[in-house]
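1. Sequence and predicted structure below; questions after.
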Amino acid sequence: DVSTGLINWADALRYQWKIAEAEPLYREALAIRTKLKGDEQNDTLHARRMLGITLRNAKKLDEAEAVLKKGVEIVESHPGADKIQQIYNLWELAWVMRDGGKKAEAEKLFKQSLEVCHKEQGPTHYDTSTSLIWLAQLYRDEKRNEEAESHYQKAIEIRRKHSGSESWEVASCLAELALVEQRLDRFAEAESDYREALAICRQRKDDGQIDTVLTQYGNMLRNLGRAADAETMHLECLQLRRKTKGDDDASVADALSTLASDFYSQGRYAEARSSAEQAVKIVEKKGTSAEWSLAYAKYNLGKALLDGGSPQDAEPLLREVSAKYCAAQPPTALCSWIEHLLGGSLSAQKRFDEAESVLAKSYPLIMSSSKAFALRKRIATKRMIDHYKAWGKSDKAAEYRKLLEQLPSLITQPTSSPVTSRPATTNKAA
């Protein structure tokens, strides 16, 4: 019928991200189905939901909320309506609420969807695992990590039964669970989950997921002091992105920036600088579409210049990144680290009074961050020692030497890498 044709046409446009063109087609399909079939029929509810999703994609959140809320109300008010449709209505409405910053309402809706799943489909149905994952992601974003961990674990158990232990759905959940375990300082569990996820992705030859898992896994290892292992993983990511997206894609620049961090963490500042400079050159051509990538590249270039002996060149880069991403928000671990690097650039230029206020403010925030940033804490403490030593304040330098001695050792021993062999280097910086 006409409405089905409109829906199919709109779907094709939406998959191409032609949201403005898809929206009126969904509206027309909804009007036709409402008139011919009634509000409560599955086809009509589907058209309404697709319109709501499209409005969300278009950032028309108030209208999306109204459209989707009406769908929820229709199912609730019609005893004969398909209750399974309510699960999907609740999911989409919850996402709209989440996008609009209404996290409490989003949580309530995801929990409601979970209750409907349990009642209508049972606790081990695939849709139940989806509701668990949506809740886990919400809890993860709110740093409610224990709750997130529990929900991911339940979802993985269900998905193993439905899709098999070697499915991409399981691999994706394992990688998300590992991120939460890192926050809980459960690094052995996180590494185990990353290894399993990576093995699944390799067996399925899923380059996109291999890239995602290797990036996250490598970042964790670098922060724990295993930068050589991280470098091996991130070199493979760089190769995958060059193969699938070409040399000038912003994602290639991000991979080069990540490699710059690996080189920096090993004291290989010239290589870090070269890799970060390549990243900057790529993303500067992209304009505003790659703002985050450019900031990431400049941050890594600033680090390399600072400890590579050019603090005067590092300072403007670090100021730029700090002003853009740290000034308008509460202090985060990353922003504190950027500020600390900026303080280090001032100290290295013998501008000790300026450096003191920046370093003294940022250092406690770095030291109060997660154990996942063990390497960062050691570098920051060494920088405080160097600052006071260069300033001639030997007593203060001695205080920080004692603090350095009290820090736990880094996990620097080699690991049996999940990358079976180091890929041939295609990075000009390496």
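-> All right, it came through fine. Residues are numbered from 1 along each chain as shown.

2. How about residue 189, nearest residue that isn't a chain neighbour?
-> Once flanking residues are discounted, residue 189 sits nearest to residue 181: 4.8 Å by C-beta to C-beta, 6 or more residues apart in numbering. C-betas here are computed from N, CA, C, even on glycine.

3. typed the wrong thing, it's residue 380
-> residue 366 is the one closest to residue 380 (C-beta to C-beta, 6+ apart), at 4.8 Å.

4. That neighbour: neighbour count?
-> The number of residues packed near residue 366 is 20, by other C-beta atoms under 10 Å.

5. in what helix or strand does it lie?
-> Taking DSSP states H and E as the definition, residue 366 sits inside helix 352-367.

6. tell me what the helix or strand the residue nearest to residue 189 falls within is packed against?
-> In the assignment (DSSP H and E), residue 181 maps to helix 168-183. Secondary-structure packing of helix 168-183 (3 or more C-beta pairs under 8 Å, 6 or more residues apart in numbering; DSSP states H and E): helix 126-141, helix 145-163, helix 187-204, helix 207-224.

7. neighbouring contacts of the second one?
-> Pointing back at helix 145-163 there. 124-126, 128-130, 132-133, 135-137, 139-140, 167, 169-170, 173-174, 176-177, 180-181, 183-184 (C-beta atoms under 8 Å, 6 or more residues apart in numbering).

8. Name the spans of the stretch 201-350 of the chain whose pLDDT lies under the cut-off.
-> Scanning the stretch 201-350 of the chain for pLDDT under 70 picks out 288-289, 328-331.

9. One more pass at 90, please.
-> Within the stretch 201-350 of the chain, the stretches with pLDDT under 90 are 285-292, 323-334.

10. Spell out the residue ranges of the helices in it.
-> Secondary structure of the stretch 201-350 of the chain by DSSP state H, counting those that start in this stretch: the helices cover 207-224, 227-245, 250-265, 269-284, 291-307, 311-325, 333-348.

11. wait, doesn't the residue nearest to residue 380 sit right on residue 383?
-> No: using C-beta atoms under 8 Å, residue 366 is not in contact with residue 383; the gap is 9.9 Å.

12. Give me the common contacts of those two.
-> Taking C-beta under 8 Å, 6+ apart as the contact rule, residue 366 and residue 383 both touch residue 340.

13. Show me which of the contacts of helix 145-163 are buried.
-> 125, 128-130, 132-133, 135-137, 139-140, 169-170, 173-174, 176-177, 180-181, 183-184 (16 or more other C-beta atoms under 10 Å).

14. What are the buried residues along the helix holding residue 366?
-> Going by neighbour count (16+ other C-beta under 10 Å), the buried part of helix 352-367 is 352, 355-356, 358-359, 362-363, 365-366.

15. Likewise for stretch 204-223?
-> With burial defined by 16+ other C-beta under 10 Å, the residues of stretch 204-223 counted as buried are 206-207, 209-223.

16. Let me see the contact set for residue 326.
-> Per C-beta under 8 Å, 6+ apart, neighbours of residue 326: 332, 335, 338-339.
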